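Chemist: got a predicted structure plus its sequence, pasted below:
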Amino acid sequence: MEKQSIQSKKAEIKFREKLTRRQVNGEEVLGRRLDPKGIIDLLTKRMEKTYWQMVTLKKKGVTLSPYIEIGAERGQRALVMENDLNAPGFAVDISFHSLKSCDYYKKVFGKQENPFRICCDANFLPFKTNSIPFIFCYETLHHFPNHIPIVKEVYRVLSPGGNFFFDEEPFKQHLKFPLYKRHTCSVSYHSKKSIFRIIVDRIFLKIYCEEEDYGIVENNDIEINTWRKSLEKFQKKDVKLRSWVIIKIESDLFNPGKNPLFYIINYMLGGNVKGFCQKSGSLPTKKLSMSDVLICPSCLKLGKESDLLKSNHKYVCQSCGKQYPSKENVLFLLPYDEMRELYPSFPS
């Protein structure tokens, strides 16, 4: 099973650091990316979508807190959870610079509370088994060469009866003959197109992202069967495949016979997958405090779960004695070998 390389993780960190410099500090780097105003407009739309999706889940009886958001980036969605839904939790990402920028966006959007931010590796989520009732992510799982290990970690950390929600993830398009390519940030790509051009591009256009130039994984060819395999362990599954050409075409990942024609169209055209999955069992009546669910990532990498004890601005492993520092309100919970590789200059 292919895992994310250390080079890919370094690329993610380097790119996000430059992205923060452009979109927070206004520096002239990554010229194709959105500028400070453009990213704020985009984040506003993402936050609105997150709010209504989470309200819908809450109305269905889903416990939203404490949550973990994987691939939280700037923390914009976590800010919605904390401030608009009164649901405290954890925003986790491998990029310190992205997580740090949450302070800036908190002010931009007029929010009061920050999430508990943790710089960590999604392959080794530093949380106790069966401890968190709700985990979610957007546009994250396809940044791994194989997302199955990440979903396994999600399943491990989820409480019995807990829920996993994800959206805006791709699945493979089989009717594809890439004859020309275009960058996703290209002006012509985002301009209005005729119906004929939309159909032609859907079949013949190869879209690539600037992230790929930096060595970041963009796994847009995840097979439908791979999605099915990664989620099969969950007791309840509501997972939709969606394709767009002129209209939205939707089918059920785990019940393709419900609408076989749409399923075949989804298979041929590719698109996005959205899912809501529940782990078997019932939620425990007593919740652990947020500090009590944290464990040592170095021990976890060795197959052992060890408690962390907070001491000043650090968390100390009660088993191996390793210390995990906090820098600018972001807690580093990376395995020690990765911490030295990914952030050699800090923290100490």
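Modeler: Received, thanks. Numbers count the residues shown, from 1 in each chain.

Chemist: now the helices for the stretch 1-150 of the chain?
Modeler: Along the stretch 1-150 of the chain, the stretches classed as helices by DSSP state H, counting those that start in this stretch are 6-23, 36-59, 76-83, 96-100, 102-108, 148-157.

Chemist: most packed of the ones you listed?
Modeler: Mean neighbour count (mean count of other C-beta atoms under 10 Å) peaks for helix 76-83 among those, with a mean of 25. From N, CA and C alone the C-beta is placed, and that goes for glycine too.

Chemist: that one: how far from the chain's middle?
Modeler: 14 Å (C-alpha atoms, centre = their mean, to the nearest Å).

Chemist: packing partners for it?
Modeler: Here helix 76-83 touches helix 36-59, strand 67-70, strand 89-93, helix 102-108, going by 3 or more C-beta pairs under 8 Å, 6 or more residues apart in numbering; DSSP states H and E.

Chemist: could those go into a markdown table alongside mean pLDDT and distance to Arg22?
Modeler: Listed next are the helices and strands packed on helix 76-83 as a markdown table, based on pLDDT from 0 to 100; distance: least, C-beta to C-beta, whole Å:
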| stretch | mean pLDDT | distance to Arg22 |
| --- | --- | --- |
| helix 36-59 | 97 | 8 |
| strand 67-70 | 98 | 23 |
| strand 89-93 | 98 | 17 |
| helix 102-108 | 98 | 13 |
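
Chemist: for the residue nearest to Thr63 when sequence neighbours are not counted, give me the pLDDT.
Modeler: The shortest distance from Thr63 to any non-neighbouring residue, by C-beta to C-beta, 6 or more residues apart in numbering, is to Pro133 (4.4 Å). In this model, Pro133 is scored at 97, pLDDT.

Chemist: hmm, Pro133 is touching Ile68, no?
Modeler: No: look at Pro133 against Ile68 with C-beta atoms under 8 Å: they stay out of range, at 9.8 Å.

Chemist: pull the helix or strand with minimum mean pLDDT from this protein.
Modeler: One helix or strand of the chain scores below all others by mean pLDDT, DSSP states H and E: helix 187-190, with a mean of 40.

Chemist: next structured bit after that helix?
Modeler: Of the helices and strands lying after helix 187-190 in sequence (DSSP states H and E), the nearest is helix 195-204.

Chemist: for that following helix, buried residues please.
Modeler: For helix 195-204, burial by neighbour count (16 or more other C-beta atoms under 10 Å) applies to Asp201, Arg202.
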